[in-house]
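>>> here's a sequence, model it:
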Amino acid sequence: MKWLKHGFQTIVLLVAAGLLAWLLVANLEIGLPKHTTVSMLLASGLIFLILIGAISFGSWWLGRHGTAWLLSTFAGLTLLKLPLIASLKIQPSSDFWNYHTLAAFSAKG
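This is a model prediction of the structure:
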C-alpha cells in the first residue's frame, strides 16, 4: 500500500510541475511575444528548476520532521499572505450591478 501512496504523490507533483511549466510558457507567449529572447527562456527554465527543487527538498525535509514543522510552515505561508489581503481595495457591490454588468457583457457577445 505504501507504493500506492507514493504513486499518487508523484502524480500530484507531476501535475503541479506541468501546470507551473504551462503557466510559465503561457506568460512568455502572451506577455512579451515580440521581445522574447533566449536569455529570458533560459532564465524562466532556471527559475522553474529552482522552484521544483525547492518544492521537492521542502517536501522531503518536512516528511522527515514532526507535525509541528508542517504546521509552522503552513502558518508562515499564511502569514505571508495577510499583508497582500490587507492591501487589496475590495469594496462590496450590489447584486443588481453585478447582474446588470454580466447581462451587458453577455448581450455584446
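>>> which other helices and strands does the helix or strand hosting L82 contact?
L82 belongs to helix 67-87 when assigned by DSSP states H and E. Helix 67-87 sits against helix 38-63, with contacts defined as 3 or more CB pairs under 8 Å, 6 or more residues apart in numbering; DSSP states H and E. Backbone N, C-alpha and C define where each C-beta goes, glycine included.
>>> mind giving me the packing neighbours of the helix it packs on?
Applying 3+ CB pairs under 8 Å, 6+ apart, we find helix 38-63 packed against helix 2-31, helix 67-87.
>>> can you list the buried residues in the first one?
The one in question is helix 2-31. By neighbour count with 16 or more other CB atoms under 10 Å, helix 2-31 contains the buried residues L24.
>>> and the angle for the helix holding L82 with helix 38-63?
Going by axes from the mean of the first three to the mean of the last three CA atoms, to 10 degrees, helix 67-87 is angled at 130 degrees with respect to helix 38-63.
>>> helix or strand right after helix 67-87?
Going down the chain from helix 67-87, the next helix or strand is helix 95-108, by DSSP H and E.
>>> JSON lines for the helices and strands packed on helix 38-63, including mean pLDDT and distance to G45?
Listed next are the helices and strands packed on helix 38-63 as JSON lines, based on pLDDT from 0 to 100; distance: least, CB to CB, whole Å:
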{"stretch": "helix 2-31", "mean pLDDT": "83", "distance to G45": "8"}
{"stretch": "helix 67-87", "mean pLDDT": "88", "distance to G45": "25"}
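>>> so who does L14 touch?
If a contact means CB atoms under 8 Å, 6 or more residues apart in numbering, then L14 has no contacts.
>>> and it, how far from F8?
For L14, the distance to F8 equals 11 Å [CB to CB, to the nearest Å].
>>> so what sits against both of those two?
Shared contacts of L14 and F8, defined by CB under 8 Å, 6+ apart, are absent.
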